[in-house]
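Visitor: 3D model of this:
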Amino acid sequence: MPDPATLATLAIAAGAFLVAGLVKGVVGFGFPVIALAIMTIAIGLLDALAIVILPAFLTNLWQATSGGHLRDIVGRLWSYMLMAVIFIVVGSRYLNVGNAAQLTATLGGLLCLYAVFSLARVSFVVPRKAEPVLAPLLGIINGTLTGLTGSFMVPSVFYLHATGFRGEYLVQALGIYFCLSSFTLAASMAGRDLISIDHALLSALALVPSFVGMSAGRRLRRRIDPAGFERAFFTAVLLLGASLLWRAARGSVA
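Guide: Residues are numbered from 1 along each chain as shown. Coordinates of the predicted model:
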């Protein structure tokens, strides 16, 4: 029989992935944000990343492959994605040698930034002629931050909004980027022996509550106000980010 600590980790993981899947089902995004934040609070960033990667990849796969805009999206974002992939590998080199409190604080800060900007509905506009310069630069920034923290959202979400991606284009573009980022981070971590058999087993088990939550979220979406749910989601992200910052400042990082 598993020891109490293992059972507690399994229970926390099941709850985290169930909630993350529910959010994904209702609003169409947010899975890795919720799952990673809760799991980092519970077991630390490095172990959380190793467990979250597979469900994050698979729950975004349908989003990446649905819609008929793959060629257009890749044609427009290839330099962003290419630089992001390269620098995910670069950033992940510091996962097992960097200061855990600093990396956790960075994740917490990114979540707070993402939540505050989203709640305030801060928007930017990037002229089409500026994309050839900004795309690779922001890809480097996003890739580095993803490699260090596992957070895919900043600045990718804001950049895609700023360049005019909306509706199905935005949903599919985010799905493609999140899938590519998840795969790259998983391969990089596996190559550095940062994903163990136990991590892989927990990650596979996490698929069950993840997809149960997504299924429930899709049904719930027809009965609730999506805008109100989004506000609640961003508020929760802000609180989770603040909790990570507080724990890092106190030196109580798992």
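Visitor: Report pLDDT for the residue lying closest to residue 36 once chain neighbours are set aside.
Guide: Excluding the flanking residues, the one nearest residue 36 by Cβ to Cβ, 6 or more residues apart in numbering is residue 52, at 5.0 Å. Placement of C-beta: from N, CA and C, glycine included. Looking at residue 52, its pLDDT is 94.
Visitor: how about residue 52, what does it touch?
Guide: For residue 52, the contact set (Cβ atoms under 8 Å, 6 or more residues apart in numbering) comprises 32, 35, 36, 39, 150, 203, 206.
Visitor: hang on, isn't residue 251 packed against residue 99?
Guide: No: counting by Cβ atoms under 8 Å, residue 251 stays clear of residue 99, with 10.7 Å between them.
Visitor: For these two, indicate the residue with more neighbours.
Guide: residue 99 (12 against 8; other Cβ atoms under 10 Å).
Visitor: so what pLDDT did the more buried one get?
Guide: Confidence score, pLDDT, at residue 99: 84.
Visitor: What separation is there between it and residue 235?
Guide: 29 Å (Cβ to Cβ, to the nearest Å).
Visitor: Also residue 90?
Guide: Distance from residue 90 to residue 235, by Cβ to Cβ: 33 Å.
Visitor: and if you look at residue 215?
Guide: 24 Å.
Visitor: And for residue 138?
Guide: For residue 138, the distance to residue 235 - Cβ to Cβ - is 26 Å.
Visitor: and if you look at residue 249?
Guide: Relative to residue 235, residue 249 is positioned 21 Å away (Cβ to Cβ).
Visitor: Excluding chain neighbours, what is closest to the residue nearest the centre of the chain?
Guide: Note on the chain: the residue nearest the mean C-alpha position is residue 32, at 3.4 Å, using Cα atoms, centre = their mean. Using Cβ to Cβ, 6+ apart and skipping the chain neighbours, the partner closest in space to residue 32 is residue 56 (4.3 Å).
Visitor: The one you found against residue 35, yeah?
Guide: Yes: between residue 56 and residue 35 there is a contact at 7.0 Å, judged by Cβ under 8 Å.
Visitor: Tell me the secondary structure at residue 223.
Guide: For residue 223, the assignment made with DSSP: H, G, I helix; E, B strand; the rest coil gives coil.
Visitor: Next: residue 67.
Guide: coil.
Visitor: Skipping its backbone neighbours, what lies nearest it in space?
Guide: residue 172 (4.2 Å).
Visitor: ok, now residue 57?
Guide: The shortest distance from residue 57 to any non-neighbouring residue, by Cβ to Cβ, 6+ apart, is to residue 182 (3.8 Å).
Visitor: Let's see the pLDDT reported for residue 58.
Guide: 91.
Visitor: ok, now which ones touch it?
Guide: Residue 58 neighbours (Cβ under 8 Å, 6+ apart): 207, 210.
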